[in-house]
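**Q** Mind looking at a prediction? Sequence and model below.
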Amino acid sequence: MSDAAIFAISLGVTLVGLVISWGAYRRRGAGTGLRGAALSLVPLAAALTGVTEFFIDLAFSPVKWAGVGVAGLAVLLYLTSGAMLSRRDAASGGGKAAGEGGRKAAGRGAESKGAVQGPAGGRDPEMAEIEKILRDRGIS
């Protein structure tokens with residue numbers, strides 16, 4: 001498509017959008033009208049900067065669509081590999097989950113030693129007993 005045709009179409013779309021924005025301004029107020037005017041100016045800005053030509057070339061070029069397809073395939077393969085790696089780590093018990101669980105278990109062990117010590121450890125014996133009951137029931 002020629003530059004003049006692209007410019008004429010973009011100018012027409014912009015003018016129609018501005019007329020609709022004027023109507024929105026009258027019915028709904030200045031905020032809605034200004035938002036419509038801003039969106040109406042986008043096609044004209046795209047034509048003036050050359051972005052429209054890029055999208056027209058993209059729409060009608062099989063080579064560019066092949067590039068889009070290859071990029072999509074790359075994203076699909078990357079996401080699939082991530083899912084496969086996370087399943088493998090979960091099945092083997094390794095990875096992040098086991099490391100965090102190990103830290104949590106170590107932290108609980110330190111707390112339980114302090115709770116069992118009683119008043120000598122500087123804790124209230126009644127609280128130590130309550131903590132022991134909660135631990136026995138699986139509540140921490």
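**A** Structure received.
**Q** other SSEs contacting the helix or strand where Leu48 lies?
**A** Assigned by DSSP states H and E, Leu48 belongs to helix 42-49. Here helix 42-49 touches helix 3-28, helix 51-60, going by 3 or more C-beta pairs under 8 Å, 6 or more residues apart in numbering; DSSP states H and E. For the C-beta atoms, the positions are set from N, CA and C on the backbone; glycine is no exception.
**Q** Show which residues not belonging to it make contact with it.
**A** With C-beta atoms under 8 Å, 6 or more residues apart in numbering as the test, helix 42-49 has contacts from Ile6, Phe7, Ile9, Ser10, Leu11, Val13, Thr14, Gly17, Thr52, Phe55.
**Q** which of those residues count as buried?
**A** Ile6, Ser10, Val13, Thr14, Gly17, Thr52 (16 or more other C-beta atoms under 10 Å).
**Q** Output the residues you listed as JSON lines; include the columns pLDDT.
**A** Shown next, in JSON lines, are the buried ones among the contacts of helix 42-49 (pLDDT from 0 to 100):
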{"residue": "Ile6", "pLDDT": "89"}
{"residue": "Ser10", "pLDDT": "93"}
{"residue": "Val13", "pLDDT": "96"}
{"residue": "Thr14", "pLDDT": "95"}
{"residue": "Gly17", "pLDDT": "95"}
{"residue": "Thr52", "pLDDT": "83"}
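**Q** Now tell me which helix or strand of this structure has the poorest mean pLDDT.
**A** Using mean pLDDT, DSSP states H and E, helix 95-117 stands out as the lowest-scoring helix or strand of the chain, at a mean of 49.
**Q** Grab the longest helix from the protein for me.
**A** Scanning the chain for the helix with the most residues, using DSSP state H, yields helix 62-92.
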